[in-house]
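**Student:** Have a look; sequence and predicted model below, questions after that.
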Amino acid sequence: MEKSRPYVILSAAISIDGKIATRTGKSNLSSRKDLVRVHNLRKSVDAVLVGKNTVNVDDPLLTVRYVKGKNPIRIILDSKGSLSIKSNVVKTAKKIPTMLVVSENSSKNVKKFTTKGVQVIRCGKKKIDIKKLLKILGKKGIKKIAVEGGGTTNWYFFKEKLVDEIVVTITPYVLGGSTAISLVEGVGFGKISNSFKLKKIEKIQNEIVLHYMS
Ligand SMILES: NC(=O)C1=CN([C@@H]2O[C@H](COP(=O)(O)OP(=O)(O)OC[C@H]3O[C@@H](n4cnc5c(N)ncnc54)[C@H](OP(=O)(O)O)[C@@H]3O)[C@@H](O)[C@H]2O)C=CC1
Ligand SMILES: Nc1nc(O)c(N)c(N[C@@H]2O[C@H](COP(=O)(O)O)[C@@H](O)[C@H]2O)n1
(Lines give C-alpha, C1' and ligand atoms only; values in the text may rest on other atoms or scores of the structure.)
(Ligands and ions follow the chains in the order given, each with its own letter.)
Protein backbone atom coordinates (compact mmCIF):
# COMPACT_ATOMS: atom_id res chain seq x y z
CA MET A 1 0.00 0.00 0.00
CA GLU A 2 1.26 3.49 -0.87
CA LYS A 3 1.96 5.36 2.36
CA SER A 4 0.60 8.62 1.01
CA ARG A 5 -2.97 7.43 0.66
CA PRO A 6 -5.52 6.58 3.38
CA TYR A 7 -6.41 2.99 4.31
CA VAL A 8 -9.73 2.09 2.63
CA ILE A 9 -12.44 -0.06 4.25
CA LEU A 10 -15.39 -0.85 2.00
CA SER A 11 -18.53 -1.26 4.12
CA ALA A 12 -21.98 -2.44 3.02
CA ALA A 13 -24.98 -4.58 3.77
CA ILE A 14 -26.14 -7.01 1.10
CA SER A 15 -29.09 -9.31 0.58
CA ILE A 16 -28.47 -13.06 0.25
CA ASP A 17 -28.45 -12.50 -3.52
CA GLY A 18 -25.80 -9.77 -3.36
CA LYS A 19 -27.93 -6.65 -3.79
CA ILE A 20 -27.48 -3.47 -1.75
CA ALA A 21 -30.87 -2.00 -2.59
CA THR A 22 -34.21 -3.03 -4.08
CA ARG A 23 -35.13 -2.02 -7.61
CA THR A 24 -36.94 0.94 -6.02
CA GLY A 25 -33.84 2.02 -4.05
CA LYS A 26 -34.77 0.74 -0.59
CA SER A 27 -31.54 -0.17 1.22
CA ASN A 28 -32.26 -0.41 4.96
CA LEU A 29 -31.08 -4.01 5.16
CA SER A 30 -29.07 -4.02 8.40
CA SER A 31 -30.59 -4.82 11.79
CA ARG A 32 -30.27 -2.31 14.62
CA LYS A 33 -27.44 -4.42 16.07
CA ASP A 34 -25.57 -4.33 12.79
CA LEU A 35 -26.06 -0.57 12.56
CA VAL A 36 -24.46 -0.22 16.00
CA ARG A 37 -21.47 -2.09 14.53
CA VAL A 38 -21.51 0.24 11.48
CA HIS A 39 -21.51 3.29 13.74
CA ASN A 40 -18.58 1.84 15.72
CA LEU A 41 -16.77 1.51 12.40
CA ARG A 42 -17.65 5.11 11.49
CA LYS A 43 -16.24 6.45 14.74
CA SER A 44 -12.98 4.58 14.06
CA VAL A 45 -12.34 6.23 10.67
CA ASP A 46 -11.41 9.78 9.69
CA ALA A 47 -13.88 9.97 6.78
CA VAL A 48 -16.90 8.26 5.22
CA LEU A 49 -17.19 8.45 1.44
CA VAL A 50 -20.25 7.85 -0.77
CA GLY A 51 -21.31 8.47 -4.37
CA LYS A 52 -23.83 11.09 -5.37
CA ASN A 53 -26.64 8.60 -6.14
CA THR A 54 -26.53 7.30 -2.58
CA VAL A 55 -27.09 10.82 -1.28
CA ASN A 56 -29.89 11.39 -3.80
CA VAL A 57 -31.66 8.11 -2.98
CA ASP A 58 -31.00 7.66 0.77
CA ASP A 59 -30.52 11.27 1.87
CA PRO A 60 -28.18 9.94 4.59
CA LEU A 61 -26.59 11.72 7.52
CA LEU A 62 -23.47 9.53 7.65
CA THR A 63 -22.93 10.38 11.31
CA VAL A 64 -22.17 8.42 14.48
CA ARG A 65 -25.50 8.23 16.32
CA TYR A 66 -26.02 4.74 17.75
CA VAL A 67 -22.82 4.85 19.80
CA LYS A 68 -20.85 7.67 21.37
CA GLY A 69 -18.01 8.96 19.22
CA LYS A 70 -16.71 11.59 16.86
CA ASN A 71 -18.38 12.03 13.48
CA PRO A 72 -16.09 11.30 10.55
CA ILE A 73 -15.68 13.83 7.74
CA ARG A 74 -18.29 13.15 5.04
CA ILE A 75 -17.07 12.98 1.45
CA ILE A 76 -19.41 12.89 -1.55
CA LEU A 77 -18.29 12.12 -5.11
CA ASP A 78 -20.32 14.28 -7.49
CA SER A 79 -18.33 15.21 -10.59
CA LYS A 80 -20.96 17.64 -11.91
CA GLY A 81 -21.69 19.31 -8.57
CA SER A 82 -25.34 18.41 -8.95
CA LEU A 83 -26.16 17.59 -5.34
CA SER A 84 -29.28 19.16 -3.87
CA ILE A 85 -28.60 21.87 -1.31
CA LYS A 86 -31.67 20.48 0.48
CA SER A 87 -29.90 17.17 1.15
CA ASN A 88 -29.17 16.33 4.80
CA VAL A 89 -25.41 16.31 4.25
CA VAL A 90 -25.48 19.86 2.88
CA LYS A 91 -27.99 21.10 5.46
CA THR A 92 -25.79 19.87 8.34
CA ALA A 93 -22.41 20.83 6.83
CA LYS A 94 -21.82 23.75 9.20
CA LYS A 95 -21.85 21.30 12.13
CA ILE A 96 -20.32 18.19 10.54
CA PRO A 97 -17.29 18.52 8.22
CA THR A 98 -18.43 17.75 4.68
CA MET A 99 -16.46 17.63 1.43
CA LEU A 100 -17.96 17.61 -2.04
CA VAL A 101 -15.65 16.28 -4.73
CA VAL A 102 -16.32 17.67 -8.22
CA SER A 103 -14.34 17.42 -11.45
CA GLU A 104 -12.11 20.23 -12.70
CA ASN A 105 -14.41 20.63 -15.73
CA SER A 106 -17.54 21.08 -13.67
CA SER A 107 -18.94 24.43 -14.69
CA LYS A 108 -21.53 24.45 -11.90
CA ASN A 109 -21.31 27.26 -9.41
CA VAL A 110 -20.07 25.73 -6.17
CA LYS A 111 -20.71 28.84 -4.08
CA LYS A 112 -24.14 27.48 -3.12
CA PHE A 113 -22.27 24.65 -1.36
CA THR A 114 -19.44 26.64 0.18
CA THR A 115 -21.87 29.14 1.73
CA LYS A 116 -23.55 26.17 3.46
CA GLY A 117 -20.21 25.10 4.96
CA VAL A 118 -19.32 22.40 2.41
CA GLN A 119 -15.66 22.22 1.40
CA VAL A 120 -15.41 21.70 -2.37
CA ILE A 121 -12.47 19.78 -3.84
CA ARG A 122 -11.81 19.74 -7.59
CA CYS A 123 -10.13 16.56 -8.71
CA GLY A 124 -9.84 14.90 -12.14
CA LYS A 125 -10.55 16.53 -15.52
CA LYS A 126 -13.99 15.18 -16.51
CA LYS A 127 -14.46 12.32 -14.06
CA ILE A 128 -13.16 12.24 -10.50
CA ASP A 129 -9.70 10.68 -10.28
CA ILE A 130 -10.03 8.71 -7.04
CA LYS A 131 -6.32 7.80 -6.86
CA LYS A 132 -5.46 11.47 -6.97
CA LEU A 133 -8.27 12.23 -4.53
CA LEU A 134 -6.90 9.75 -1.97
CA LYS A 135 -3.50 11.44 -2.21
CA ILE A 136 -5.13 14.84 -1.58
CA LEU A 137 -7.03 13.39 1.39
CA GLY A 138 -3.83 11.81 2.73
CA LYS A 139 -2.15 15.22 2.63
CA LYS A 140 -5.08 16.61 4.63
CA GLY A 141 -4.27 14.11 7.40
CA ILE A 142 -7.02 11.60 6.57
CA LYS A 143 -5.58 8.18 7.37
CA LYS A 144 -8.58 5.87 7.24
CA ILE A 145 -11.74 5.98 5.11
CA ALA A 146 -14.93 3.93 5.09
CA VAL A 147 -16.38 3.72 1.58
CA GLU A 148 -20.12 3.22 2.08
CA GLY A 149 -21.33 2.78 -1.49
CA GLY A 150 -23.21 2.66 -3.62
CA GLY A 151 -22.41 -0.04 -6.16
CA THR A 152 -20.87 2.33 -8.74
CA THR A 153 -18.54 3.93 -6.20
CA ASN A 154 -17.58 0.49 -4.90
CA TRP A 155 -16.69 -0.57 -8.47
CA TYR A 156 -14.34 2.40 -9.00
CA PHE A 157 -12.49 1.57 -5.78
CA PHE A 158 -12.13 -2.12 -6.72
CA LYS A 159 -11.17 -1.26 -10.32
CA GLU A 160 -8.34 0.97 -9.10
CA LYS A 161 -7.27 -1.67 -6.52
CA LEU A 162 -7.81 0.79 -3.71
CA VAL A 163 -9.70 -1.47 -1.28
CA ASP A 164 -7.66 -2.65 1.73
CA GLU A 165 -10.49 -4.23 3.68
CA ILE A 166 -14.09 -5.30 3.00
CA VAL A 167 -16.69 -5.48 5.76
CA VAL A 168 -19.94 -6.79 4.38
CA THR A 169 -23.05 -7.92 6.23
CA ILE A 170 -25.13 -10.64 4.63
CA THR A 171 -28.70 -9.86 5.66
CA PRO A 172 -31.55 -12.39 5.52
CA TYR A 173 -33.33 -11.00 2.48
CA VAL A 174 -33.66 -11.90 -1.19
CA LEU A 175 -34.29 -8.82 -3.32
CA GLY A 176 -33.91 -10.03 -6.92
CA GLY A 177 -34.39 -7.78 -9.93
CA SER A 178 -32.00 -7.07 -12.77
CA THR A 179 -32.17 -3.33 -12.08
CA ALA A 180 -31.61 -3.65 -8.31
CA ILE A 181 -28.16 -2.30 -7.36
CA SER A 182 -25.48 -4.92 -6.61
CA LEU A 183 -22.60 -4.57 -4.14
CA VAL A 184 -20.34 -3.83 -7.10
CA GLU A 185 -21.70 -2.27 -10.30
CA GLY A 186 -19.70 -1.00 -13.31
CA VAL A 187 -18.51 -3.20 -16.18
CA GLY A 188 -16.87 -5.68 -13.81
CA PHE A 189 -13.70 -7.75 -14.15
CA GLY A 190 -13.18 -10.16 -17.04
CA LYS A 191 -10.93 -12.44 -14.99
CA ILE A 192 -11.31 -14.05 -11.55
CA SER A 193 -8.21 -12.49 -10.06
CA ASN A 194 -9.30 -9.92 -7.54
CA SER A 195 -9.04 -12.05 -4.39
CA PHE A 196 -9.21 -11.10 -0.69
CA LYS A 197 -8.31 -13.05 2.46
CA LEU A 198 -11.07 -13.94 4.92
CA LYS A 199 -10.01 -12.63 8.35
CA LYS A 200 -13.12 -12.78 10.52
CA ILE A 201 -16.74 -13.97 10.53
CA GLU A 202 -19.25 -12.53 12.99
CA LYS A 203 -22.78 -13.81 13.48
CA ILE A 204 -25.27 -11.16 14.55
CA GLN A 205 -28.60 -12.97 15.03
CA ASN A 206 -29.87 -13.48 11.47
CA GLU A 207 -26.87 -11.81 9.82
CA ILE A 208 -23.28 -12.70 9.06
CA VAL A 209 -20.56 -10.04 8.95
CA LEU A 210 -17.62 -10.99 6.74
CA HIS A 211 -14.24 -9.26 7.11
CA TYR A 212 -11.84 -9.63 4.18
CA MET A 213 -8.39 -8.07 3.76
CA SER A 214 -6.46 -7.41 0.56
N1 LIG B 1 -26.97 -1.55 1.46
C2 LIG B 1 -25.93 -0.77 1.49
O3 LIG B 1 -24.97 -1.02 2.23
C4 LIG B 1 -25.87 0.47 0.64
C5 LIG B 1 -26.80 0.70 -0.36
N6 LIG B 1 -26.71 1.81 -1.16
C7 LIG B 1 -27.67 1.99 -2.26
O8 LIG B 1 -26.96 2.10 -3.49
C9 LIG B 1 -27.72 2.87 -4.41
C10 LIG B 1 -26.84 3.87 -5.13
O11 LIG B 1 -25.78 3.23 -5.79
P12 LIG B 1 -25.30 3.66 -7.25
O13 LIG B 1 -26.50 4.01 -8.07
O14 LIG B 1 -24.43 2.60 -7.75
O15 LIG B 1 -24.56 5.02 -7.05
P16 LIG B 1 -23.40 5.66 -6.14
O17 LIG B 1 -23.99 6.08 -4.86
O18 LIG B 1 -22.21 4.80 -6.15
O19 LIG B 1 -23.12 7.02 -6.95
C20 LIG B 1 -22.49 6.91 -8.21
C21 LIG B 1 -22.25 8.28 -8.77
O22 LIG B 1 -21.23 8.98 -8.04
C23 LIG B 1 -20.55 9.85 -8.94
N24 LIG B 1 -19.11 9.69 -9.05
C25 LIG B 1 -18.27 10.62 -9.52
N26 LIG B 1 -17.04 10.20 -9.57
C27 LIG B 1 -17.03 8.99 -9.18
C28 LIG B 1 -15.99 8.07 -9.04
N29 LIG B 1 -14.71 8.31 -9.37
N30 LIG B 1 -16.32 6.91 -8.55
C31 LIG B 1 -17.59 6.65 -8.27
N32 LIG B 1 -18.63 7.50 -8.40
C33 LIG B 1 -18.34 8.66 -8.84
C34 LIG B 1 -21.05 9.51 -10.34
O35 LIG B 1 -21.97 10.51 -10.68
P36 LIG B 1 -21.43 11.71 -11.63
O37 LIG B 1 -20.95 11.07 -12.89
O38 LIG B 1 -22.61 12.58 -11.81
O39 LIG B 1 -20.34 12.34 -10.88
C40 LIG B 1 -21.72 8.18 -10.20
O41 LIG B 1 -22.75 7.99 -11.11
C42 LIG B 1 -28.84 3.49 -3.62
O43 LIG B 1 -30.04 2.82 -3.89
C44 LIG B 1 -28.46 3.26 -2.16
O45 LIG B 1 -29.59 3.11 -1.36
C46 LIG B 1 -25.70 2.71 -1.01
C47 LIG B 1 -24.76 2.53 -0.03
C48 LIG B 1 -24.76 1.38 0.86
N1 LIG C 1 -23.82 -0.98 6.48
C2 LIG C 1 -24.98 -0.52 5.96
N3 LIG C 1 -26.11 -1.23 6.18
C4 LIG C 1 -27.26 -0.83 5.60
O5 LIG C 1 -28.36 -1.57 5.78
C6 LIG C 1 -27.31 0.33 4.84
N7 LIG C 1 -28.48 0.72 4.26
C8 LIG C 1 -26.11 1.07 4.69
N9 LIG C 1 -26.14 2.20 3.97
C10 LIG C 1 -25.16 3.23 4.05
O11 LIG C 1 -25.41 4.05 5.20
C12 LIG C 1 -26.00 5.28 4.76
C13 LIG C 1 -27.10 5.72 5.69
O14 LIG C 1 -26.48 6.34 6.79
P15 LIG C 1 -27.30 7.16 7.89
O16 LIG C 1 -28.14 6.18 8.64
O17 LIG C 1 -28.14 8.18 7.21
O18 LIG C 1 -26.26 7.75 8.76
C19 LIG C 1 -26.48 5.03 3.36
O20 LIG C 1 -26.61 6.17 2.59
C21 LIG C 1 -25.35 4.13 2.87
O22 LIG C 1 -24.17 4.82 2.59
N23 LIG C 1 -24.97 0.62 5.24
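**Tutor:** Everything's here; your move. Ligands and ions are numbered 1, 2, ... in the order given.

**Student:** ok, and what's touching the lowest-mean-pLDDT helix or strand in the chain?
**Tutor:** Taking mean pLDDT, DSSP states H and E as the measure, helix 111-114 is the helix or strand of the chain with the lowest mean score, a mean of 94. Helix 111-114 is touched from outside by 81, 83, 85, 90, 93, 100, 120, with contacts defined as CB atoms under 8 Å, 6 or more residues apart in numbering. Yep, even glycine has a C-beta here, placed from its N, CA and C like the rest.

**Student:** Can you name the next helix or strand after it?
**Tutor:** Proceeding N to C from helix 111-114, the next assigned helix or strand is strand 119-122, under DSSP states H and E.

**Student:** Report the rounded mean pLDDT for the next helix or strand after that next one.
**Tutor:** Sequence-wise, the next helix or strand downstream of strand 119-122 (DSSP H and E) is helix 130-139. The average pLDDT for helix 130-139 rounds to 97.

**Student:** Report the buried residues of helix 130-139.
**Tutor:** Buried residues in helix 130-139, counted by 16 or more other CB atoms under 10 Å: 130, 133-138.

**Student:** in this structure, which spans are helices?
**Tutor:** Ranges of helices in the chain, per DSSP state H, are 32-44, 52-58, 88-91, 111-114, 130-139, 151-159.

**Student:** Please see if the last one touches ligand 2.
**Tutor:** No - judged by CB under 6 Å from any ligand atom, helix 151-159 and ligand 2 are separated, with a smallest distance of 9.2 Å.

**Student:** From the contact counts, what lies against that helix?
**Tutor:** When contacts are defined as 3 or more CB pairs under 8 Å, 6 or more residues apart in numbering; DSSP states H and E, helix 151-159 packs onto strand 7-14, strand 47-51, strand 144-147.

**Student:** which residues touch the second one?
**Tutor:** If you take CB under 8 Å, 6+ apart as the criterion, strand 47-51 is touched by 6, 42, 60, 62, 72-78, 99, 137, 142, 144-150, 152-153.

**Student:** Can you turn the buried part of those into a PyMOL selection?
**Tutor:** Filtering the contacts of strand 47-51 down to the buried ones (16+ other CB under 10 Å) takes a single PyMOL command:
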select buried, resi 6+42+60+62+72+73+74+75+76+77+78+99+137+142+144+145+146+147+148+149+150+152+153
